[in-house]
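# What follows is a predicted protein model with its sequence.
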Amino acid sequence: MTFDVEKTPEEWRAELAPERFAVLREAATEAPFTGSLLHVDEAGVFTCGGCGQLLFRTEQKFNAHCGWPSFDACEPGSIIEREDHSLARMRIEILCSRCGGHLGHVFPDGPTDTGLRYCVNSVAIDFTPEN
């Protein structure tokens, strides 16, 4: 896959904090219930921690009680999905469509009309409150 924002691993490592690099560029996962954005509910937007692309809005966020920020929808065109066979079962990995950063996974068990739960690592995204 090619992306609008392409950098070498060395360039990403120089720009990103170690934990953010591990998640965004190496598909690591932060520990559940530790992310700084888990309980953010004020109005605002969530952007990719690698490239700043708009991914989610607060009104798309809900408490899934799973340990990571969860959203029932993403901004159109902001996410790429691909199969992830890294565990014993197949999951759908979600990536930023602009830089290819690993954000988390999407599951078909959301409680809203979309039926989706985008389960996202806090360290992979930034939050900007509305003014």
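Looks like it arrived, so ask away. Numbering: from 1, shown residues only.
# Going by C-alpha atoms from here, please, whenever you check contacts or count neighbours.
Fine.
# Report the secondary structure state of the residue nearest the centre of the chain.
Geometric centre of the chain, nearest residue: Leu103, 2.9 Å, by CA atoms, centre = their mean. Applying DSSP: H, G, I helix; E, B strand; the rest coil to Leu103 yields a three-state assignment of strand.
# Might one say that it is in contact with Asp126?
No: between Leu103 and Asp126 there is no contact under CA atoms under 8 Å: 11.4 Å.
# now the strands for this protein?
Remark: strands assigned in the chain by DSSP state E are 44-48, 54-57, 61-62, 70-71, 79-84, 91-96, 102-107, 117-120, 125-129.
# Hey, what's the angle from the fifth one to strand 91-96? Just curious.
Spelled out, that is strand 79-84. Strand 79-84 and strand 91-96 are oriented at 150 degrees to each other (axes from the mean of the first three to the mean of the last three CA atoms, to 10 degrees).
# Partner strands of strand 79-84, with direction?
If you go by DSSP bridges, strand 79-84 pairs up with strand 91-96 (antiparallel).
# And the strand it pairs with, how far out from the chain middle?
Computed by CA atoms, centre = their mean, to the nearest Å, the separation of strand 91-96 from the middle of its chain amounts to 8 Å.
# Would you mind pulling the contact partners of it?
With CA atoms under 8 Å, 6 or more residues apart in numbering as the contact definition, strand 91-96 has outside contacts at 48, 53, 55, 78-85, 101-107.
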